[in-house]
Structures are given as structure tokens and as C-alpha cells.
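sequence-free structure coming up:
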């Protein structure tokens, strides 16, 4: 078992590696429709939460990047199903690699409890 000092040193090392990314500004998109293209999609594992998920990186027409994750759990599979449908992919031919290059729209709406969002097929 590691000592407290070793755990702190390990955490400081990990923070140093991501320091430049922590300084980047966070921009929240206002309500509206945003056309996007899937730039990157891959399977990842969240060891802390104990599930696999599909990670996607999206780029809109202005060159702004955003990302989303779709947990592969009974409670959240609807979110992935809605996304792959919006980009024109079927469950039968779905792989993360098949998402790259596909387009759709991200719709952000103002709701009572904050902002909500969903994906729709491009019009």
C-alpha cells in the first residue's frame, strides 16, 4: 500500500500533465441548432464508474470542437441509440469507426432546470 505522500506525488504528477488543458476556457453553447461532423469516435472504459462508453469528438461548421460520451448501460443506452439514429447509422452496422465523418445537428434548448440537449438528423 502506498503512503499518503506517494499518493499526493502521483496526483501532482498527473495534474502537471494536464495543466495546460485546465487553463483552456470553457465555452457553453447558447440555445440553438448546431450542425456538426463526427471527427473521432472510440470505445473507452470508465474504471471509476465501472462501465464502457462510446466517446465522440464533434466539430461544427465554425471549427469549434465539443465531445460527448454515451455510457453502455441499461439506463443510458437510449442516448447512444438516439445519437446513432441522428447520424444515420443503424444498430446493426454500428461501430464507433462507422460514426466518423457522419453529420447531424445538436439541438440545445433552455429548460426549467438548466440547459438540455439532443441530437437530430441534419435537415
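Looks like it came in fine. A quick note: this is a predicted structure, and the numbers were derived from the prediction, not measured.

residues in contact with the most centrally placed residue in the chain?
Centroid-nearest residue in the chain: residue 68, 1.2 Å away (criterion: CA atoms, centre = their mean). For residue 68, the contacting residues are 55-56, 58, 83, by CB atoms under 8 Å, 6 or more residues apart in numbering. Quick note: C-beta positions are derived from backbone N, CA and C, even for glycine.

let's see that with 6 Å instead.
Shown in contact with residue 68 (CB atoms under 6 Å, 6 or more residues apart in numbering): residue 56.

so it bridges to which residues?
In this entry, residue 68 is beta-bridged to residue 56, by DSSP bridges.

run the chain-centre distance for the longest helix seen in the chain.
The longest helix of the chain (DSSP state H) is helix 4-22. Distance of helix 4-22 from its chain centroid, counting by CA atoms, centre = their mean, to the nearest Å, is 24 Å.

which secondary structure elements does whatever helix or strand comes next after it contact?
As assigned by DSSP states H and E, the chain's next helix or strand after helix 4-22 is strand 32-46. Judged by 3 or more CB pairs under 6 Å, 6 or more residues apart in numbering; DSSP states H and E, strand 32-46 is in contact with strand 51-60, helix 96-99, strand 103-111.

many thanks, we can stop here.
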